[in-house]
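# From the sequence below, what's the structure:
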Amino acid sequence: MMTLELIRKPVAGDLEAYEAFVTRHFHAESDLLSQMLRYALSSRGKGIRPMIVLLSAGMNAPEPQAGLGQRAYLAAMLVEMIHVASLIHDDVIDEADERRGRPSLNARWQSRNAVIAGDYILARNMSIGMSSGQFDLVAHVCDAIAVLCEGEIIQSDKAARTEMNREAYFDIIRKKTASLMGVSASAGAMAVRAPRERVERMRRFGEAVGMAFQIQDDILDYTRTAHTGKPANNDLREHKITLPLLAVLEQAAPQRRAELLEKLALCDGDPSAVDELQHAVEQGGGIRAAADVMREYLRQAVEMLAEWEPSPYRDSLVNLCAYVAERDI
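Predicted coordinates for the structure are as follows:
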């Protein structure tokens, strides 16, 4: 099975330098805010987005170099801190008590303080970016914030009305997940001043990977043995219609579809409704159908890398696609 350690290998040294870059720049004067900041930054997860930034920078650099440099580290930081802040805000919205097996910020310090901490991370991120003078990178990455917010609003609206169609689903995951993955890949290319057409191609590569990544997340939510760091069927409890359930609803007769949607409306308080929908998705081929869509996005992503010369960076980006398909955590 593909591992992140293998994928990170070409940029291992740069990732260490990047971590030092983040530590140097992210601090606060308030003791409480400093404590919250350290806690949030110590549980950033796998670091897939900054890794994509640095692999893209390495693949697009005009010539091999020992270190990708401060501009690449800035691009990685701008992307990752938007992601970190969005997760803090998501946990507040979802009233989540855990994040990656640890108490969430809102569980430890209350929702009001968690929102402020997320806002501080965004503000500090933009302040660092602007003071660096790398305005092209800042402008490129900042567009993602509005897109993320729009995706969250659309998803909340659809969940509240327990309605979804394929077009809306893909629009939501493109905005909430794929857009930032796309910006990660394109910002890496921009950081080493790649030509505009290559920056755009990297954006499309990252978006395809991001679409697959989120679909796999949605599949894993129906997989009770997956090690996701959150309870199985969490999306059902939040009344979210993701691709595995959507694929079943699309094939269901009108009366059966209405029955399934009625069950979905009960999932936040009725474990039997959750079990019934879990069974319906498994038996109705929803997981299999979603996996087929996920693999097609990864096929497109790998195809987009064909114009680059072989290199350890390109190999790692190809391997990242395999990792997305295989992962259960």
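
# all strands for the chain, in order.
For the chain, the strands defined by DSSP state E occupy 98-99, 102-103.

# what's the average pLDDT for the first one?
Just to be clear, that refers to strand 98-99. The pLDDT scores in strand 98-99 average 84.

# which residues of this structure score low on pLDDT?
Where the chain drops to pLDDT under 70, the residues are 64-66, 224-231, 328-329.

# Quickly note the distance from the residue sitting furthest away from the middle of it to residue 286.
Largest separation from the mean C-alpha position in the chain: residue 255, at 35.4 Å (C-alpha atoms, centre = their mean). According to C-beta to C-beta, to the nearest Å, residue 255 stands 18 Å off from residue 286. For every residue, glycine as well, the C-beta is placed using N, CA and C.

# And for residue 172?
Taking C-beta to C-beta as the criterion, residue 172 is separated from residue 286 by 17 Å.

# All the helices of the stretch 201-329 of the chain, in order from the start?
234-237, 243-251, 254-266, 271-283, 286-304, 312-326 (DSSP state H, counting those that start in this stretch).

# Let's have those helices in JSON lines, adding distance to residue 193.
Shown next, in JSON lines, are the helices of the stretch 201-329 of the chain (distance: least, C-beta to C-beta, whole Å):
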{"stretch": "helix 234-237", "distance to residue 193": "41"}
{"stretch": "helix 243-251", "distance to residue 193": "38"}
{"stretch": "helix 254-266", "distance to residue 193": "49"}
{"stretch": "helix 271-283", "distance to residue 193": "46"}
{"stretch": "helix 286-304", "distance to residue 193": "20"}
{"stretch": "helix 312-326", "distance to residue 193": "16"}
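
# Out of those helices, flag the one nearest residue 61.
With C-beta to C-beta as the criterion, residue 61 lies closest to helix 312-326 of those, at 8.5 Å.

# What is the closest one packed up against?
Judged by 3 or more C-beta pairs under 8 Å, 6 or more residues apart in numbering; DSSP states H and E, helix 312-326 is in contact with helix 4-8, helix 48-60, helix 196-220, helix 286-304.

# Could I have the CA atoms of the last one written out in CSV?
Coordinates of the C-alpha atoms in helix 286-304 are reproduced here as CSV (Å, rounded to 0.1, in the frame of the first residue of the first chain):
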residue,chain,number,x,y,z
GLY,A,286,-23.8,3.1,-3.6
ILE,A,287,-20.3,2.6,-2.3
ARG,A,288,-19.3,0.8,-5.5
ALA,A,289,-20.8,3.5,-7.7
ALA,A,290,-19.1,6.3,-5.7
ALA,A,291,-15.8,4.4,-6.0
ASP,A,292,-16.1,4.3,-9.7
VAL,A,293,-16.5,8.1,-9.9
MET,A,294,-13.5,8.6,-7.5
ARG,A,295,-11.2,6.4,-9.6
GLU,A,296,-12.2,8.3,-12.8
TYR,A,297,-11.1,11.6,-11.2
LEU,A,298,-7.8,10.0,-10.2
ARG,A,299,-7.3,8.7,-13.8
GLN,A,300,-7.8,12.2,-15.1
ALA,A,301,-5.4,13.6,-12.5
VAL,A,302,-2.6,11.2,-13.5
GLU,A,303,-3.2,11.9,-17.2
MET,A,304,-2.7,15.6,-16.6
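
# Contacts for it next, please.
201, 204-205, 208-209, 211-212, 215-216, 218-219, 222-223, 242-248, 280-281, 318, 321-322, 324-325 (C-beta atoms under 8 Å, 6 or more residues apart in numbering).

# tilt between it and helix 243-251?
With axes from the mean of the first three to the mean of the last three C-alpha atoms, to 10 degrees defining the directions, helix 286-304 sits at 110 degrees from helix 243-251.

# Please identify the buried residues of helix 286-304?
Across helix 286-304, burial judged by 16 or more other C-beta atoms under 10 Å covers 286-287, 289-291, 293-295, 297-298, 300-302, 304.

# hang on, the earlier thing: report the separation between the residue farthest from the centre of the chain and residue 164.
From residue 255 to residue 164 the distance is 19 Å (C-beta to C-beta).

# now do residue 265
Shown here: residue 265 relative to residue 164, a distance of 13 Å by C-beta to C-beta.

# what does residue 124 give?
Distance from residue 124 to residue 164, by C-beta to C-beta: 36 Å.
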